[in-house]
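# For reference, the sequence and a predicted model appear below.
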Amino acid sequence: MCESTVIDLGSRTIKMSISIGHDSKNQNETSLSEIIKNAENSMRRRKLLERKSVRSDLMASIKATMLEKSHETAEHAERLVALSRAIGQELNLSDDKIFDLELATTLHDIGKMGIDQQILLKVGKLTHAEWDEIKKHPEAGYRIAQATSELMPISDYILSHHERWDGNGYPQGLKGEAIPLLARIINIVDSYDAMTEDRPYRKGMTHEDAQAEILKCSGTQFDPEIAKLFVFKVLNKG
């Protein structure tokens, strides 16, 4: 109802929109000011995902620039968001966490905007120096997110989306549950989609082979519990 309301000011019109954020007090020592701050942050993040908000226009601009620079497709980004949301729902994450997950999934490769285009478009095998440049994108993305108050809450997920369950990932070498949960989810869905997509230098795997690879790498690259949930409850639901 609110979204269809337009206020006529004569020389211009204003479209109405409402965004709501919330938080709950679960511990006596939590202050009211902290609850209010969390609710405000929740509201701001929701605005980033609402199609008709000003912040949504900013989000769309950032996303378009990121996709252009990283040479990923909008379809790839949409698939990742749908898959990560499905995992979040299976894990019974709160609405706020799922909003954060969608936002972090959308922007996880934002750091690639600063990588040389010749490296991103290279068909052949990367040199050690080129691979080192690629591996800098989580930290670059983290710095970009830290510079924006609305994106600051998801900066750690962007930073950690290439960490591995066995501790052999980058950039921090985090291991197991030390890796933020949302980053572990992004790692799985991003890897799965990359496996099944055709690339200039290889043909994509079948979905069945990609699922087998996810299970094979559970406990090494991927969180084993989330990997099983992803394959058996998200991809093969019902």
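On my side now, so go ahead.
# Now that we're looking at I7, what pLDDT does it have?
We have a pLDDT of 59 for I7.
# what is the rounded mean pLDDT of the helix or strand containing M43?
Using DSSP states H and E, the element containing M43 is helix 32-49. What helix 32-49 shows for mean pLDDT is 70.
# ok, then the element right after the helix or strand hosting H76?
Here H76 sits within helix 74-90, counting by DSSP H and E. Once the chain leaves helix 74-90, the next helix or strand it forms, by DSSP H and E, is helix 95-107.
# Could I get the average pLDDT for the helix or strand following that next one?
For helix 95-107, the following helix or strand on the C-terminal side (DSSP H and E) is helix 117-120. Across helix 117-120, pLDDT averages out at 82.
# how about the strands of this protein, start to end?
6-8, 13-15 (DSSP state E).
# Send me the helix holding H76 as CSV with only the CA atoms.
Once non-C-alpha atoms are left out, helix 74-90 reads as follows in CSV (Å, rounded to 0.1, in the frame of the first residue of the first chain):
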residue,chain,number,x,y,z
ALA,A,74,24.0,-11.3,-13.5
GLU,A,75,22.6,-14.8,-13.9
HIS,A,76,25.6,-16.2,-11.9
ALA,A,77,25.0,-13.6,-9.1
GLU,A,78,21.2,-14.5,-9.0
ARG,A,79,21.9,-18.2,-8.9
LEU,A,80,24.3,-17.7,-6.0
VAL,A,81,21.8,-15.6,-4.0
ALA,A,82,19.1,-18.2,-4.5
LEU,A,83,21.3,-21.1,-3.5
SER,A,84,22.7,-19.3,-0.4
ARG,A,85,19.2,-18.2,0.7
ALA,A,86,18.0,-21.8,0.4
ILE,A,87,20.9,-23.0,2.7
GLY,A,88,20.2,-20.2,5.1
GLN,A,89,16.5,-21.2,5.3
GLU,A,90,17.5,-24.9,5.9
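# And the pLDDT for the nearest residue to I36 once chain neighbours are set aside?
Distance criterion C-beta to C-beta, 6 or more residues apart in numbering; nearest residue to I36, sequence neighbours excluded, is D23 at 7.9 Å. Any C-beta I mention is one placed from the backbone N, CA and C, and that applies to glycine too. pLDDT, the model's per-residue confidence, is 70 for D23.
# For D23, give its distance to K237.
From D23 across to K237, the span is 31 Å (C-beta to C-beta, to the nearest Å).
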